[in-house]
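S.K.: Could you work out the structure for the sequence below:
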Amino acid sequence: MKTIISLILVAILVVGCQTEDVTSSDNEVNAAAQNSAVKNITAKTVAGNVPSHDPSTIVKSGVNYYVFTTGDNIPMTYSTNLTSWTWGTSVFTATPGWITGYVPGFTKTYWAPDVAWFNNRWNMYYSCSTFGSARSAIGLVTAPSISQSAGTKWTDRGVVVASSSASDVNAIDASILVDGSNVYMAYGSWHAGIGVVQINPSTGKPTGTRTVVAGGNGASWEAPCLVKEGSYYYMFVNRGTCCNGINSTYYIVVGRSTSPFGPFTDKNGVSLKSGGGTTVLAAQGNYIGPGHLSRITGTQKGAVHYYDKADNGNPKLEIVYFTWSGGWPTLSY
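M.R.: Sure thing, here's the model as predicted:
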């Protein structure tokens, strides 16, 4: 199940306005040569050693890109070029009081935030849980703008969804899709699988019922990423396990549907609720256990974390690229 890498992140995380633009951005070789190239691949986009685990969708506000990650008080880093990232100001200074009622024993280590622009504000969804527990909750904070230079005022809006037993969709790992005037949230981890619910844009909270679209029965499904391309909705989901450095087994699969509520099937027509899923990204070279995919809105770029084999398995951010052929995606670094 979701195994938080608290000790690694906490150790590293203690290191420490213009009018904002609120639009989210911007020949055959032999097998031996191929294997050699894969074996030697290293991070080629993101520079430096800023750790990242469960990165949010990368968004742009003003001159900066921003990404939020798992960690104490929801850490933030920012960049002007998607390559060089700098520590910014964390989201929280104190834990919202409502959380302990849903997640007893929760401290300040939030998991897997995601952020999207709708209703004339930034909406950030964050996860509260404890290791191995089905008692979890996703909360919401909002801000009119994101600015490292001028400061960002986040307002907590309370609980969005919660879970209390393994028979329910675990309320972590939110992925937000803004599809015209409609907003959807995919979420879940192991337990009852991956769920999708429609979000009321005015409140940022669910409307209607949740639909299970992948996994279930305690199988290793988590960290969904719901995107739309053309007439299809695509559900990317992590299989395997995270959070064990170079021994992590995360890999990313995908299914598609004409509805955000599924059914999602893979290239072979197998449902994601029946063990289907076409693999689109797995370990290669120094990139171990890629996971927690997101797509930069309006682009064919996205982000994942991976465990860096060249750096003792520490989690890093990397940019990935979406390519589409015959209605199906591939991902590459």
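S.K.: Tell me which stretches of the stretch 101-250 of the chain form strands.
M.R.: Ranges of strands in the stretch 101-250 of the chain, per DSSP state E, counting those that start in this stretch, are 109-118, 121-128, 136-143, 155-163, 175-179, 182-188, 194-199, 206-214, 222-229, 232-239.
S.K.: could you dump the ones you listed to TSV with mean neighbour count, distance to residue 310 and mean pLDDT?
M.R.: Bear in mind the C-beta positions are built from the backbone N, C-alpha and C, glycine included. Formatted as TSV, these follow (neighbours: other Cβ atoms under 10 Å; distance: least, Cβ to Cβ, whole Å; pLDDT from 0 to 100):
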stretch	mean neighbour count	distance to residue 310	mean pLDDT
strand 109-118	24	25	98
strand 121-128	24	29	98
strand 136-143	23	33	98
strand 155-163	19	37	98
strand 175-179	21	29	98
strand 182-188	25	32	98
strand 194-199	25	32	98
strand 206-214	18	32	97
strand 222-229	24	23	98
strand 232-239	25	22	98
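S.K.: Turn these into a markdown table, including distance to residue 269.
M.R.: Formatted as a markdown table, the strands of the stretch 101-250 of the chain follow (distance: least, Cβ to Cβ, whole Å):
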| stretch | distance to residue 269 |
| --- | --- |
| strand 109-118 | 29 |
| strand 121-128 | 32 |
| strand 136-143 | 32 |
| strand 155-163 | 30 |
| strand 175-179 | 23 |
| strand 182-188 | 21 |
| strand 194-199 | 19 |
| strand 206-214 | 15 |
| strand 222-229 | 19 |
| strand 232-239 | 14 |
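S.K.: Which one of the ones you listed lies nearest to residue 81?
M.R.: Closest to residue 81 of those is strand 109-118 (Cβ to Cβ; 19.4 Å).
S.K.: Packing partners of that closest one?
M.R.: The helices and strands touching strand 109-118, judged by 3 or more Cβ pairs under 8 Å, 6 or more residues apart in numbering; DSSP states H and E, are helix 6-13, strand 59-61, strand 64-68, strand 71-72, strand 121-128, strand 175-179.
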